[in-house]
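> mind folding the following:
(chains A, B, C and D)
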2 protein chains.
Amino acid sequence: MRIGTLAVTSGLSTKTIRFYEQSGLLPAPPRTSGGYRDYPEQAVARLAFVRNAQSAGLTLAEISSVLALRDGGQAPCRHVTALISERLTDIERRLAEMTKTRDALRGLARRGAATDPATCTENDICTILAQTEGLPRVARDQ
Amino acid sequence: MRIGTLAVTSGLSTKTIRFYEQSGLLPAPPRTSGGYRDYPEQAVARLAFVRNAQSAGLTLAEISSVLALRDGGQAPCRHVTALISERLTDIERRLAEMTKTRDALRGLARRGAATDPATCTENDICTILAQTEGLPRVARDQ
DNA sequence: CTAGACCTTCCAGCGCACTGGAAGGTCAAG
DNA sequence: CTTGACCTTCCAGTGCGCTGGAAGGTCTAG
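As a prediction, this is how the structure comes out:
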């Protein structure tokens, strides 16, 4: 199977697949006489596993470490459960922070709706946003 | 006030303050005869505002846009409420995603605790992580 | 006069997971 | 034989919010 086919069946881009190979997530496949990568069926499962592990919040580096154990013939169970509990702790902390931020934002939204622009003076820049003390700096993405 | 003093009173690093100036968040202050930045008291409030707005989940670019309005003499209320409601929508979506991921991770943790390493075969790589279908790719940070 | 605390600019890098683009090679259909 | 889809490598850039470091200038205390 060539890289384009693997890309379509796995739902990843060819760029990403080559990147995963370079990152040690996907073993370098044999090449055709023309130099094209020629993947075994297995590769589809391997990529699916990477995606699953990513959905569980593992970084590519962590996934790499799991795969390295497996490829070395060891069952990575203990390692995996440790990673999972780390992720769990992490996500619970972040959920708590974000919930706080959400509540604060709701307060700000309410305040904004009730604000008369005329009461806004220059020196506090924006009364709506003026006090938001002590909140965690919020995570951003996509 | 020199940059080091401003750094201490605002709780930011001098690097960050210069970076904010370069990003248009903090106006370039006058200089002393020796070429040192000489900040007015106001700068403290301005930086506090930036931090507050950041806690509300606004990006530096968004904060810039609020400050630009204010500096242009307009009350940025309408703009600010729009940004807040965007952030709110965003954070609610992310909370929902992360809650799903957390639940999935809890399931995985339970599964992991109940897994006999011997049942793990090579071709599924790791039975604990094997099915995690349909979860959002989770956001990561600090 | 010197040490050293503080300041200046400029350029570069981090982390993470990709993504874009250039320059060129391969292969099957028409 | 040409077209064009697909592949190769390599290098560089994205976003975001900083952070690090080098090379040098300024100011104050002793």
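> so which residues on chain A come close to DNA strand C?
Residues of chain A lying close to DNA strand C by CB under 7 Å from any atom of the strand are A:13, A:15-16, A:19, A:32-36, A:54, A:59-61. Yep, even glycine has a C-beta here, placed from its N, CA and C like the rest.
> by neighbour count, which of these wins?
Neighbours here mean other CB atoms under 10 Å in any protein chain shown. Within the residues of chain A next to DNA strand C, the largest count is held by residue A:54, at 18 neighbours.
> rewinding a little: from the residues of chain A next to DNA strand C, which land in strands?
Among the residues of chain A next to DNA strand C, no member is found in strands (DSSP state E).
> the residues you listed: which ones sit near chain B?
Checking the residues of chain A next to DNA strand C against chain B by CB under 8 Å from any CB of the partner chain, the ones in range are A:54, A:59.
> TSV for the residues of chain A next to DNA strand C, including pLDDT?
Formatted as TSV, those follow (pLDDT from 0 to 100):
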residue	pLDDT
A:13	95
A:15	95
A:16	96
A:19	95
A:32	96
A:33	95
A:34	96
A:35	96
A:36	97
A:54	90
A:59	90
A:60	93
A:61	91
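> show me the residues of chain A next to DNA strand C that map onto helices.
Among those, DSSP state H puts A:15-16, A:19, A:54, A:60-61 in helices.
> for the residue of chain A found nearest DNA strand C, phi and psi?
Closest residue of chain A to DNA strand C, CB to the nearest atom of the strand: residue A:34 (2.3 Å). Phi and psi for residue A:34, reported as degrees, to the nearest 10, are phi -80, psi 0.
> what residues are up against it?
Contacts for residue A:34 (CB atoms under 8 Å, 6 or more residues apart in numbering or on different chains) come out as none.
> near chain B, anything from the one helix or strand in chain A whose mean pLDDT sits lowest?
Scoring the helices and strands of chain A by mean pLDDT, DSSP states H and E places helix A:77-113 at the bottom, with a mean of 86. Yes: using CB under 8 Å from any CB, helix A:77-113 reaches chain B at A:77-78, A:80-81, A:84-85, A:87-88, A:91-92, A:94-95, A:98-99, A:101-102, A:104-106, A:108-109, A:112-113.
> residue contacts, residue A:30?
Listed by CB under 8 Å, 6+ apart, the contact set of residue A:30 reads A:37-38.
> repeat that for residue A:39.
If you count contacts by CB under 8 Å, 6+ apart, residue A:39 has them with A:1-3, A:5-6, A:29.
> check those residues and tell me the two furthest apart.
A:5 and A:29 (12.1 Å; CB to CB).
> neighbour count: those two, which is higher?
residue A:29 (19 against 12).
> quick one: that one and residue A:38 touch, right?
Yes: using CB atoms under 8 Å, residue A:29 is in contact with residue A:38, at 5.7 Å.
> neighbours of residue A:130, how many?
By other CB under 10 Å, 17 other residues sit near residue A:130.
> what helix or strand is it located in?
Under DSSP states H and E, no helix or strand contains residue A:130.
> from chain B, how far out is the closest residue to DNA strand D within chain A?
Chain A approaches DNA strand D most closely through residue A:4 (2.5 Å), counting by CB to the nearest atom of the strand. To chain B, residue A:4 is 23 Å away according to CB to the nearest CB, to the nearest Å.
> and that residue, what element?
Short version, using DSSP H and E: residue A:4 is in helix A:3-10.
> contacts only, for the nearest residue to residue A:16 once chain neighbours are set aside.
Nearest residue to residue A:16, sequence neighbours excluded (CB to CB, 6 or more residues apart in numbering or on different chains): residue A:7, at 7.9 Å. Neighbouring residues of residue A:7 by CB under 8 Å, 6+ apart: A:13-14, A:16-17.
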